[in-house]
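Colleague: Okay, structure incoming, though there's no sequence with it:
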Ligand SMILES: Cc1ncc(COP(=O)(O)O)c(C=O)c1O
Ligand SMILES: N[C@@H](CCOP(=O)(O)O)C(=O)O
């Protein structure tokens, strides 16, 4: 299995190297050169399997010879052992043909745990073999950070630095990151928004001597392995609803485009996905891109679904690479336009290509609150604001197929928004009940790349 960069100028890598490399050395993102296809019988056979076994079957063809089947089985078992629901990703019926895929039963209460727990296991196995040590730097708008901390805290050969936008995550999200007591974990509150954090992360990767000096590794969805692990729940949910014998639609609350890109990969693997709907909050760059054929940045406007307050949607580059017929030079030109001129036109061919594969919608702040209210009245389910954005858009996009909307975080991570919608503050689960009593440890930093490098150099263990 070979992985190539979306910018076409970086070395071709195997799975394990791509996982440990993070951002490609030409600034692009790694994607599989070819996507393995599952036969309808293989897909049908996933129905009713334990989540772990379905994960093994879906993930294995992408790994080449990086891990043996036996190794992979053990690592997947360990990855999902701490999930609080036996089904791992249970489906809940919300209406006659509308379903919610609950992805918040992992240790940090967001869908990030599905991928982060697995890549935590894969990376540790790989590092144990090589004896190397790495420095993980992650950028977060709230959920990736705590998921990464949970997966890598306390490891002797890994240091973890998480950049989050100061004042732009919920209090629960912040405390999940700043209360880790382990000495290898460092939460950094950066001046700016999530795009600033992700921009600095990519700057660190693009400084080749720095990345080599500290053994930089990435666990954002920059890392292909993150996306791959998220492909699994599209298969488990669609087969539970009758795939491959009928098509299933999905609506995905979207920010960095990783989760919905995983759905796109599931479809390329042969899963009959009907509509794949991008759902955005008021930071609706992706919805506007689909509507106008032009991607143009506006300022980030803080919303009650902060994890989706993103304008520079990293994984859009992966789908653009396909839309441009794997033309790395065209992708580089578009990314250059986004960075220096604030936007670029997709081009008619690429716009049409995308419109055939993705629909889109947006939810305003008021529509998000109403969706939380409606879902609770209809079914008793309390949605987090991100899931509510998806729920609102899913309702407007429903057709003949079952529609699954992804519930990406637990409502207790966003008590203020939920209280505004339904007058209740959802309690944290018992293992986090003392979150507000734990001491916080955080480093506040201005947006200064050279100061960030110095901090990482001086703080990481060698
Ligand atoms: C709760 C929640 N919902 C949705 C998203 C958007 O997912 P993606 O960035 O993969 O599009 C995020 C952040 O990634 C998130 O944390
Ligand atoms: N919403 C994310 C942003 C980072 O996304 P990732 O999938 O690239 O890690 C978050 O909560 O941090």
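Modeller: Received the coordinates, thanks. Please read all numbers here as calculations on a predicted model, not as lab measurements. Ligands and ions are numbered 1, 2, ... in the order given.
Colleague: so what's the residue lying closest to residue 443 once chain neighbours are set aside bridging to?
Modeller: Sequence neighbours aside, residue 188 is the residue nearest to residue 443 in space, at 5.0 Å (criterion: C-beta to C-beta, 6 or more residues apart in numbering). (Glycine included, C-beta is placed from N, CA and C.) Note on residue 188: beta-bridge partners by DSSP bridges are residue 163, residue 443.
Colleague: Strands of the stretch 351-462 of the chain, start to end?
Modeller: 359-362, 403-407, 443-445 (DSSP state E, counting those that start in this stretch).
Colleague: Do the longest one and ligand 2 come into contact?
Modeller: Read that as strand 403-407. No: for a cut-off given as C-beta under 6 Å from any ligand atom, strand 403-407 has no contacts with ligand 2; the smallest distance is 12.8 Å.
Colleague: Please state the offset of that strand from the chain centre?
Modeller: 15 Å (C-alpha atoms, centre = their mean, to the nearest Å).
Colleague: ok, now the last one?
Modeller: Computed by C-alpha atoms, centre = their mean, the chain-centroid distance of strand 443-445 equals 25 Å.
Colleague: for the residue nearest to residue 443, what are its contacts?
Modeller: The contact partners of residue 188, by C-beta atoms under 8 Å, 6 or more residues apart in numbering, come to 161-164, 442-445, 452, 455.
Colleague: Skipping its backbone neighbours, what lies nearest the residue of the stretch 101-250 of the chain found nearest ligand 1 in space?
Modeller: Ligand 1 sits closest to residue 143 of the stretch 101-250 of the chain, with a gap of 3.4 Å, by C-beta to the nearest ligand atom. With sequence-adjacent residues excluded and distances taken as C-beta to C-beta, 6+ apart, residue 143 is closest to residue 110, at 4.0 Å.
Colleague: Please name the residues that touch the one you found.
Modeller: Residues near residue 110 by C-beta under 8 Å, 6+ apart: 103-104, 143, 146-147, 307, 408-410, 413.
Colleague: distance of residue 135 from residue 461?
Modeller: Residue 135 is 9 Å from residue 461, where distance means C-beta to C-beta, to the nearest Å.
Colleague: whoops, I mixed them up, residue 175
Modeller: Taking C-beta to C-beta, one finds residue 175 at 25 Å from residue 461.
Colleague: and what of residue 410?
Modeller: Residue 410 is 33 Å from residue 461, by C-beta to C-beta.
Colleague: If you count surrounding residues, which of these two has more?
Modeller: residue 410 (25 against 11; other C-beta atoms under 10 Å).
Colleague: correct me, but the more buried one touches residue 386?
Modeller: No: in this structure, residue 410 is not within contact of residue 386 by C-beta atoms under 8 Å, at 10.4 Å.
Colleague: before we move on, the earlier item: in a markdown table: the strands of the stretch 351-462 of the chain, plus mean pLDDT.
Modeller: Shown next, in a markdown table, are these (pLDDT from 0 to 100):
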| stretch | mean pLDDT |
| --- | --- |
| strand 359-362 | 98 |
| strand 403-407 | 98 |
| strand 443-445 | 98 |
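Colleague: Common neighbours of residue 135 and residue 461, please.
Modeller: Common contact partners of residue 135 and residue 461 (C-beta under 8 Å, 6+ apart): residue 159.
Colleague: just the strands of the stretch 351-462 of the chain: most buried one?
Modeller: Highest mean neighbour count of these: strand 403-407, a mean of 28 (counted as mean count of other C-beta atoms under 10 Å).
Colleague: in stretch 22-33, what counts as buried?
Modeller: By neighbour count with 16 or more other C-beta atoms under 10 Å, stretch 22-33 contains the buried residues 22-25, 27-32.
Colleague: Near ligand 1, which residues of the stretch 51-200 of the chain are found?
Modeller: Counting by C-beta under 6 Å from any ligand atom, the stretch 51-200 of the chain sits next to ligand 1 at 110, 142-143.
Colleague: In helices, which of the residues you listed appear?
Modeller: residue 143 (DSSP state H).
Colleague: Closest one to residue 285 out of the residues of the stretch 51-200 of the chain next to ligand 1, please.
Modeller: The closest of these to residue 285 turns out to be residue 142 (C-beta to C-beta; 18.3 Å).
Colleague: Hmm, the closest one is touching residue 167, no?
Modeller: No: between residue 142 and residue 167 there is no contact under C-beta under 8 Å: 11.7 Å.
Colleague: now the helices: where do they sit in the stretch 301-450 of the chain?
Modeller: For the stretch 301-450 of the chain, applying DSSP state H, counting those that start in this stretch gives helices covering 316-323, 328-341, 348-357, 365-379, 385-397, 415-422, 449-459.
Colleague: Looking at those, which is nearest to residue 253?
Modeller: helix 385-397 (4.1 Å).
Colleague: Please see if that closest one touches ligand 1.
Modeller: Yes: using C-beta under 6 Å from any ligand atom, helix 385-397 reaches ligand 1 at residue 386.
Colleague: How far away from the center of its chain is that helix?
Modeller: 18 Å.
Colleague: Repeat that for stretch 346-363.
Modeller: 20 Å.
Colleague: Same question for that stretch: list its buried residues.
Modeller: For stretch 346-363, by 16+ other C-beta under 10 Å, it's 346-347, 350-351, 353-354, 357-363.
Colleague: Next: stretch 391-398.
Modeller: Residues of stretch 391-398 classed as buried by neighbour count (16+ other C-beta under 10 Å): 391-395, 397-398.
Colleague: Now do the strand or helix carrying residue 99: which elements does it pack against?
Modeller: If you go by DSSP states H and E, residue 99 is part of strand 98-102. Under the contact criterion of 3 or more C-beta pairs under 8 Å, 6 or more residues apart in numbering; DSSP states H and E, strand 98-102 touches strand 91-95, helix 224-240, helix 385-397, strand 403-407.
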